[in-house]
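> here's my sequence, what's the structure:
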Amino acid sequence: MAATIESLTVALDRVWTQRRFEDQLYSETPFLDKLKKTDRYTVGETARVPLHTRRNGGFTSLPEGGGTLNEAGQQGYNKAEFKYKHFHQQVAVQGEAIDVTDGDAIVRAVDEEISGALTDMNRQLTRMLFMDGTGRICKCRTSSSNNVDLNTTEGAQALERGWLFIGQPVDVGSATEEALRVNGSKITALDETNVAFTVASGNVTNEATTDYVSQKDARAGETSYEMNGLKNIYNTTELGGLTSSSEPLWKATLNEESIPLTIGALLAAQQKIRQKRGKNPNFLLTGLKQQRKFYEQLQQQVNFSSDKGLTAGSDETATWNGMDIVADPDCWDAELYLGSYDHLFIVAVDKPYWQNKVTGGAQLAWIQGTDSYGGKLSYRMNLGANRRNDGYRFTALT
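Numbers count the residues shown, from 1 in each chain. This next block holds a predicted model:
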């Protein structure tokens, strides 16, 4: 017997709860999965996060005969405001699958579509995690062909990580005009050898080093609709409406030297954090290249009593000061982060949800003019922080 939308709705409500949406969404990204998710600071379309910024200066040391006390002070507080970003993933199922398929088979088919959609949303959020919140994926280079020619470092890594893919709608333009060269055209082919891609709209011959590739509609000029990334959180620039000039503690430490990763460099970074926070960092996040470099540092210190039973290559088991090293394939090759999970979190209006939570009706509805049923998953969230000065970021590791 064919399934009906009503019976499918009941099955989807039972299987795909909001909790499962969230668990599935983060299951492929261990770092995001470990971050606290909270709606505690929600005020309308903004999360307002309180910050402790100043100490009370009213302490006084006096001689035995007494004297005048220093003026009473107060603890200093401020707030960072993080606007929610609104992410949506459409799901479509062929009409035949619902109209002529038995109930169990259609649930399996829809289950696969939803799992795939959540994976796609996960890939976008993971990409944003390692960006700077501007919505710009990578730079271009001066045109040398009819393709969209990319910066040979940034572009090569973007292609390698799957941040650009066939069928993806993209804009290409300057920092202030996001669609100056390409306006929402889909990628039709990738060229990793020449670090370029082609688009359905045709030849592109005028891109320059001042142009960037973005997901279609991810930004309007310099206004970004993507979430904050680690590049702008672990930085000294404005974040959450606050600058480091107005709040001197509202900045991380940047090491922009082009240096190799060494034990000494990590110890110096850890010392800097301990000086600021009084505690060691509790996460070390990097990419696969620096994970390998770290393992090579350790391997050089290993002494063997014999040549029997030797093993090597277990770079995923190496730790730093008792912490597992989170090596994410999406992290840029030259970057490494040390920080605290306590001060980094995801602010969200709610867990991911079907559109019918707001509109009512079924999760899947007929898409008029097609033989398909469609639905939409939504997630309104951002990446936020309530402290920055205990974070350390290497930006140019070799």
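> going forward, measure contacts and count neighbours with C-alpha atoms only.
Fine.
> gap between residue 217 and residue 364?
25 Å (Cα to Cα, to the nearest Å).
> same question for residue 241.
Distance, residue 241 to residue 364, by Cα to Cα: 39 Å.
> so for the two, which sits in the more crowded spot?
Higher neighbour count among residue 241 and residue 364: residue 364, with 23 against 10, using other Cα atoms under 10 Å.
> per-residue confidence for that one?
Per-residue pLDDT puts residue 364 at 81.
> surely it meets residue 375?
Yes - at 4.7 Å, residue 364 counts as touching residue 375 under the criterion of Cα atoms under 8 Å.
> quick one: low-confidence ranges for this protein?
1-7, 11, 97-107, 301-311 (pLDDT under 70).
> packing partners for the longest strand anywhere in it?
The longest strand of the chain (DSSP state E) is strand 372-385. Helices and strands touching strand 372-385, by 3 or more Cα pairs under 8 Å, 6 or more residues apart in numbering; DSSP states H and E, are strand 76-83, strand 85-94, helix 95-99, strand 344-348, strand 353-354, strand 365-366.
> so what touches the helix or strand following that strand?
For strand 372-385, the following helix or strand on the C-terminal side (DSSP states H and E) is strand 392-394. The contact list for strand 392-394 (Cα atoms under 8 Å, 6 or more residues apart in numbering) reads 234-235, 252-257, 269, 273, 334-339.
> show me the residues you listed that map onto helices.
269, 273 (DSSP state H).
> now, of the contacts of strand 392-394, which are buried?
234-235, 252-255, 269, 273, 334-339 (16 or more other Cα atoms under 10 Å).
> adding distance to residue 174, write the residues you listed out as TSV.
Listed next are the buried ones among the contacts of strand 392-394 as TSV, based on distance: Cα to Cα, whole Å:
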residue	distance to residue 174
234	25
235	23
252	28
253	29
254	26
255	28
269	35
273	37
334	25
335	25
336	28
337	29
338	32
339	33
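> check those and tell me the two furthest apart.
Farthest apart among these by Cα to Cα are 273 and 334. That separation is 20.2 Å.
> from residue 332, how far out is the spatially most central residue of the chain?
When the chain is reduced to its mean C-alpha position, the closest residue under Cα atoms, centre = their mean turns out to be residue 129, at 1.5 Å. Applying Cα to Cα, the value for residue 129 to residue 332 is 11 Å.
> residue 16: what's it in contact with?
Per Cα under 8 Å, 6+ apart, neighbours of residue 16: none.
> go on, the one 3 residues further on?
Each residue near residue 19 by Cα under 8 Å, 6+ apart is listed here: residue 351.
> ok but it is inside a strand, no?
No - counting by DSSP: H, G, I helix; E, B strand; the rest coil, residue 19 falls outside a strand, being helix.
> residue 337 against residue 285, yeah?
Yes - contact criterion Cα under 8 Å: residue 337 and residue 285 qualify, at 5.1 Å.
> now for the closest residue to residue 270 other than its chain neighbours, how many residues are close by?
Nearest non-adjacent residue to residue 270, counting by Cα to Cα, 6 or more residues apart in numbering: residue 280, 6.5 Å away. Using other Cα under 10 Å, residue 280 is surrounded by 18 other residues.
> and for residue 144?
14.
> likewise residue 161?
Neighbours of residue 161 (other Cα under 10 Å): 16.
> hang on, it packs against residue 329?
Yes - contact criterion Cα under 8 Å: residue 161 and residue 329 qualify, at 7.2 Å.
> which residue of this structure lies farthest from its centroid?
Farthest-from-centroid check, the chain (Cα atoms, centre = their mean): residue 65, 59.8 Å.
> any idea how far that residue is from residue 72?
Residue 65 sits 20 Å away from residue 72 when distances are taken as Cα to Cα.
> now do residue 137
Distance from residue 137 to residue 72, by Cα to Cα: 50 Å.
> compare these two (neighbour count), which wins?
Remark: of residue 137 and residue 72, residue 137 carries more neighbours, 21 against 10, as counted by other Cα under 10 Å.
> and that one, what are its phi and psi?
phi -80, psi -50 (degrees, to the nearest 10).
> which residues touch it?
Residue 137 neighbours (Cα under 8 Å, 6+ apart): 131, 158, 163, 212-215.
> repeat that for residue 197.
So residue 197 contacts 147-149, 187-191 (Cα under 8 Å, 6+ apart).
> just the buried subset of those residues, please.
Burial by neighbour count, 16+ other Cα under 10 Å: within these this picks out 147-149, 187-188, 190.
> which one of those residues is nearest residue 55?
Using Cα to Cα, the buried ones among the contacts of residue 197 come closest to residue 55 at residue 149, 51.8 Å.
> of the contacts of strand 392-394, which belong to strands?
Those of the contacts of strand 392-394 lying in strands (DSSP E): 253-255, 336-339.
> now do the strands in the stretch 151-300 of the chain.
Taking DSSP state E, counting those that start in this stretch as the test, the strands found in the stretch 151-300 of the chain are 169-174, 182-191, 196-199, 211-215, 219-220, 223-224, 253-255, 283-286.
> contacts only, for the nearest residue to residue 140 once chain neighbours are set aside.
Distance criterion Cα to Cα, 6+ apart; nearest residue to residue 140, sequence neighbours excluded, is residue 150 at 3.9 Å. For residue 150, the contacting residues are 138-141, 156, 195-196, by Cα under 8 Å, 6+ apart.
> how close does residue 150 sit to residue 128?
19 Å.
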